[in-house]
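Q: this one's structure only:
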């Protein structure tokens, strides 16, 4: 009993990465590397994986946990932006309650993405006095994680999408007037900020990682569409394009964040996949 | 830039950190044990407080008694033993029934015997009489008469000397009687009259 009590009081930190095509659990990071206890290809365990709305996550989540064996601790889940939707919510004047704001965010989600909000779990950096970033993850994924947490000895510590993990990991290094771009496997999220206020949020999809000039062109187009001036600073987070192709733009300052960080080598995995990187975000941060 | 507060994990209270029934039962057990320990602590504290009050009251009582005893001892220590004895002797001297003694001597006066002095020895606790008599027989008769009185029952002749250097006959006797027992009041002639 005392051993169980000690385990429940001093739980270890587990990282789960839900990538675009696989799911990985990392149990502990040491100088030798990160111990991968579970690696699951989603194409075999995720029925309806062609769309986030139709994907059924319970088999994949339970199998990944079963693969990990008898692990216990606080599970920090990071979800690839492939499964996430981002948008901007601007609260109107005279807002009455958080429920009203949630309804407004859900309505905006349906307008932007043409999907029923019932299939998505919507969260935002809730404020009633300024525009905020909202995010949606498939409701079945959240339900499967909650169910897994109830039935196992793992506690669900956090479920955070990739871009939010990246931004929160380096929030102190980011200024207040800039573009902040977070790069995932098949998309990048661009946030336009001025004087600390969020002005625009756009998620750009891609099959091949765009070059830096392509990224800048998209950002300039977006700023032009918004009727905003292009900010001088552009912060790049995640697997951003190489700066070798940086065009001659003296008025722009492109700052890669976190590129110099070296991820620990995986133990039990032959390569560093996007799911592994996501799992490390949770296990290390 | 401030960190984004976006998290899809349900907010968990600390006692819900354990996610399965075993953990919740464990936490419930921990809570029960903590409550029992808390109750025991409160009971012990109450008991100790009660005992402390009793001990405190006892200490107060004993301290008051001690102070009273010290005051009494201080009062008794104010008078030294010598002073107390002197006071006692003076008190005894003052309270001595002189009238009774003089009444006895007056009633036993004899023509052939002259009472020269009566002296009360403070230290020796004795009553000293000095008489002059024409001869030894008269003196002894005087002594025998006095010895019939309880206060002079132990009267003794302690000194005898001849007086009169001009050829006249006369003897001086010094008599002494202990005064442990004071003469009882007797009816004097004046009272009889």
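A: It's in. Since the structure is predicted, the reported quantities are computational estimates derived from the model, not experimental observations.

Q: Residue A:251 belongs to a strand?
A: No. Applying DSSP: H, G, I helix; E, B strand; the rest coil, one finds residue A:251 to be coil, outside a strand.

Q: I figured it was touching residue A:232, is that so?
A: Yes. Look at residue A:251 against residue A:232 with C-beta atoms under 8 Å: they come within range, at 6.3 Å. From N, CA and C alone the C-beta is placed, and that goes for glycine too.

Q: Neighbour count: these two, which is higher?
A: residue A:232 (13 against 7; other C-beta atoms under 10 Å in any protein chain shown).

Q: Excluding chain neighbours, what is closest to that one?
A: Leaving aside its sequence neighbours, residue A:232 sits nearest to residue A:253 (C-beta to C-beta, 6 or more residues apart in numbering or on different chains; 5.6 Å).

Q: Identify the residues contacting that neighbour.
A: The neighbours of residue A:253, taking C-beta atoms under 8 Å, 6 or more residues apart in numbering or on different chains as the test, are A:232-234.

Q: Identify the bridge partners of it.
A: Judged by DSSP bridges, the bridge partners of residue A:253 are residue A:233.

Q: residues from the stretch 101-250 of chain A in reach of chain B?
A: Within the stretch 101-250 of chain A, the residues that sit near chain B (C-beta under 8 Å from any C-beta of the partner chain) are A:121, A:123-126, A:133, A:135, A:137, A:142, A:145-146, A:149-161, A:164, A:167-168, A:171-172, A:174-176, A:180, A:193, A:196.

Q: Since ChimeraX is what I'm using, could you give me a select command covering those residues, but only where they're buried?
A: Here is the ChimeraX selection string for the buried members of these, based on 16 or more other C-beta atoms under 10 Å in any protein chain shown:
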select /A:121,123,124,125,133,135,137,142,145,146,149,152,153,154,155,156,157,158,159,160,161,164,167,168,174,180,193
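
Q: what's around residue A:208, how many residues?
A: Residue A:208 has 7 neighbouring residues, counting by other C-beta under 10 Å.

Q: brain fart, residue A:234
A: Neighbourhood size, residue A:234 [other C-beta under 10 Å]: 22.

Q: Please apply the same query to residue A:131.
A: Look at residue A:131: counted by other C-beta under 10 Å, it has 16 neighbours.

Q: can you tell me how far the residue lying closest to it once chain neighbours are set aside sits from residue A:276?
A: Excluding the flanking residues, the one nearest residue A:131 by C-beta to C-beta, 6+ apart is residue A:90, at 4.4 Å. Distance, residue A:90 to residue A:276, using C-beta to C-beta, to the nearest Å: 37 Å.

Q: which one of those two has more residues nearby?
A: For residue A:90 versus residue A:276, the count of surrounding residues by other C-beta under 10 Å is larger for residue A:276: 23 against 11.

Q: Give me the domain ranges for chain B.
A: Domain assignment for chain B by automatic domain parsing gives B:10-78, B:97-192.

Q: mind listing the helices for the stretch 151-285 of chain A?
A: When secondary structure is read from DSSP state H, counting those that start in this stretch, the stretch 151-285 of chain A shows helices at A:162-169, A:212-226, A:274-284.

Q: will you turn those into TSV that also has mean pLDDT?
A: Output for the helices of the stretch 151-285 of chain A, formatted as TSV (pLDDT from 0 to 100):
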stretch	mean pLDDT
helix A:162-169	93
helix A:212-226	91
helix A:274-284	87
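
Q: Give the buried residues for stretch A:224-240.
A: Applying a neighbour-count criterion of 16+ other C-beta under 10 Å, one finds A:230-231, A:233-238, A:240 buried in stretch A:224-240.

Q: which residues of chain B fall in helices?
A: When assigned using DSSP state H, the helices of chain B occupy the ranges B:21-77, B:81-95, B:98-107, B:136-147, B:189-192.

Q: And these: which comes nearest chain A?
A: Of all the helices of chain B, helix B:21-77 sits nearest to chain A, with 5.5 Å by C-beta to the nearest C-beta.

Q: counting contacts, what elements does that closest one pack onto?
A: Of the remaining helices and strands, those touching helix B:21-77 by 3 or more C-beta pairs under 8 Å, 6 or more residues apart in numbering or on different chains; DSSP states H and E are helix A:2-9.

Q: which is the next helix or strand following the helix it packs on?
A: Tracing the chain C-terminally past helix A:2-9 and defining elements by DSSP states H and E, one meets strand A:13-18 next.

Q: mind listing what that following strand pairs with, with the direction of each?
A: strand A:22-30 (antiparallel), strand A:73-79 (parallel).
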